[in-house]
Structures are given as C-alpha cells and as structure tokens.
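Visitor: Pasting a predicted model and its sequence here:
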Amino acid sequence: MNYVTTDDGGLESDGRPFLTDRESLAAVYERITSSVESLVADANADGVVVAMSGGVDSTLTATLAADAVGSENVLALGMPYHKTEQAGMVDARSVAEDLEIDFREIHLRSLIDAFDESISPALEPDRESLSRPNQRNHALGNVAARMRMVTLYYAANRQSQIVLGTANRSESLLGYFTKYGDGAADCYPIGDLYKTEVRALADYLDVPDRIIDKEPTAGFYVGQTDADELGAPYAVIDPLLERVVDRGQSLEDAADEMGIDRKTAREVLGMCDSSEHKRTVPQTPGIDDRDRA
C-alpha cells in the first residue's frame, strides 16, 4: 500500500497496492522512526533490544531502531537454535557492525535440549506425537521462539530498555508467529508493512541484497521455509491479503483476478480465520454485573 502524510502527521493509504515510490517509502520511514523514538522517550527507557537472525525483517527493524534512537542505544541479540542458523548469524553480526550497534550471540541449543529432556518424560506417551510425527519438532520450534522472547525481556529488564518485535503484516494476518514468542514485544516497527513492503523499504535503506533476497524462514526447524509452510510465496500471499483483507474483495474475485487457483486462496485465507485468537486479547466467558446479582 502506498502512503501519503496527513495534516496531523499520520499516514493513510492513497489506494494503490504496496509501496513502490521513494516518496511513500520516505514517509513510512519517518513515521516509523519517530514512533519508535517517542515510545522510548515516553517509557523513559534507555534504548531498545531487538532479535537479529540475519533475515530482512530483523535487519530492517535494527536499521530503523538505530536511526530512531541512536546506534549506541540499540542492543541486538542473535539467538540461534539450529546449526543451520549460523550463516544467518554471520550476516547479523556483519549488519550490526555496519550499523555500529552492540551485537551479542547467545546459543539456545543446550538450554532448549535441557528443557526438553526435563519435561518430555512427564508428557509421554503423547497421543499427538503418535498421530502427527512432526508435532514434537513444531512444539520445540515454539519453545525456541518463546525462549528468545524470555531472553529479550531479560536483557531489556536488566538495561531498562524496551523490546522491538520484528513481525510484519503478512505474518500477523496469517498467524505465522508463535503466541507469546515472537508474537510478544513492546512495539512492532514494521508490523503495518506487508513482506513486499518490507523488502522495498529495506532496499530504500540500502540493506544488502544478499539479505533482501534470502529465502524467508522462521527457523522453526532445519530446512523450514515460509513458502513451504504457508503453501505459497509472499508474491502470491501479499496481493491476495491486500485484495481480500484491505479492499474487501471476495475470495473468488481475488483469486480469479490474480490468476491463482481458488483452493490455494482458500487455504491462505483460512490461516487468517484460524489464527484470530493470536491477534486478540485472551477471551473470558463474558460474565458481567448482571450475572453477579
């Protein structure tokens, strides 16, 4: 979605899909950095903490953070779980050096393995593990995401900082995040941007092409990619979400207009519906004063 600046300093869509021109990107950049700067000031915090994986989302978030509050006030944590994430750590460290932000690498493998070894015996036999062989790996992937969250907040609490999340709008709408894991933060600087827009803003800010062009992965397990898990690449997902969620098109019209099969569209949009609980405050039964009488 392209944006224009309103009289009150906010942003609104000009009706065209996705960010493409430099004027729109400049407006979004200013909006994000000023928002982060204000949040840190209002919280009387000493800076921000952000997780860095070497991917475009975390790289862009760290770049925006450094511009918003100053490089000296940004702590970046690389928290690999799988050995395959080490290549990402090389990129994360390189970017952190370019941004002149403090980067610390914390390996989570031994911590999560110890957690699994301690807890799993009490949960066996697990009916889910018998019917869904990958369920245990998925559960451990969520543990890794939540352990990263715990580590980020521990670091933030020690240093009077706030936690910046790295999720984008595509992931949020699809529920493609771990509840109380990477779905927990004080602020999501790129949370209003589709993945397509994230890449555009990253390019605008001269993020290295090798990072922008990486195959997206959440790092839940070895060999995992977003496209495999979501059933389609973001080149399909983003235009579909923009048409149906933002513009209110029907699934059928959007799929036909894009030239994709309706089954794929139905599966992608089904993720939005099934993940609604991830985007809302936990529900209560709705007991009110009348029930107390």
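Guide: All right, it came through fine.
Visitor: what kind of secondary structure is the most centrally placed residue in the chain in?
Guide: In the chain, the centroid-proximal residue (CA atoms, centre = their mean) is residue 167; its distance is 1.6 Å. State at residue 167, reduced to three classes by DSSP: H, G, I helix; E, B strand; the rest coil: coil.
Visitor: quick one: it from residue 35, how far?
Guide: From residue 167 across to residue 35, the span is 15 Å (CB to CB, to the nearest Å). Yep, even glycine has a C-beta here, placed from its N, CA and C like the rest.
Visitor: Repeat that for residue 276.
Guide: From residue 276 over to residue 35 (counting by CB to CB), the distance is 26 Å.
Visitor: Residue 251 too?
Guide: Relative to residue 35, and taking CB to CB, residue 251 is found at 33 Å.
Visitor: Start from the N-terminal end of the stretch 101-250 of the chain and give the helices.
Guide: 109-123, 127-131, 135-159, 169-174, 195-204, 209-212, 226-230, 234-241 (DSSP state H, counting those that start in this stretch).
Visitor: Touching the longest one from outside, list them.
Guide: By that I understand helix 135-159. With CB atoms under 8 Å, 6 or more residues apart in numbering as the test, helix 135-159 has contacts from 46-51, 75, 77, 79, 81, 106, 108, 111-112, 115-116, 126, 128-129, 161-163, 177-178, 180-182, 184-185, 218-221, 224.
Visitor: One more pass at 7 Å, please.
Guide: With contacts defined as CB atoms under 7 Å, 6 or more residues apart in numbering, helix 135-159 is touched by 46, 49, 51, 75, 77, 79, 81, 106, 108, 111-112, 115-116, 128-129, 162-163, 178, 180-182, 184, 220-221.
Visitor: how far out from the middle of the chain is that helix?
Guide: 14 Å (CA atoms, centre = their mean, to the nearest Å).
Visitor: Now that helix: average pLDDT?
Guide: In this model, helix 135-159 carries a mean pLDDT of 93.
Visitor: What are the buried residues along that helix?
Guide: Under the neighbour-count criterion of 16 or more other CB atoms under 10 Å, helix 135-159 has 139-149, 151-153, 155-156 buried.
Visitor: do the same with the first one
Guide: Of the residues in helix 109-123, 111, 112 count as buried by neighbour count, 16+ other CB under 10 Å.
Visitor: repeat for stretch 66-74
Guide: 66, 67, 68, 69, 71, 73, 74.
Visitor: Report the inter-axis angle for the helix or strand containing the third one versus helix 195-204.
Guide: If I follow you right, that is residue 68. When elements are assigned from DSSP states H and E, residue 68 belongs to helix 56-69. Our comparison of helix 56-69 with helix 195-204, counting by axes from the mean of the first three to the mean of the last three CA atoms, to 10 degrees, yields an angle of 50 degrees.
Visitor: Tell me which helix or strand comes right after helix 56-69.
Guide: Taking DSSP H and E, what comes next after helix 56-69 is strand 74-78.
Visitor: Who are the packing partners of that following strand?
Guide: Contact here means 3 or more CB pairs under 7 Å, 6 or more residues apart in numbering; DSSP states H and E; on that basis strand 74-78 packs against strand 48-51, helix 56-69, helix 86-99, strand 102-105, helix 135-159.
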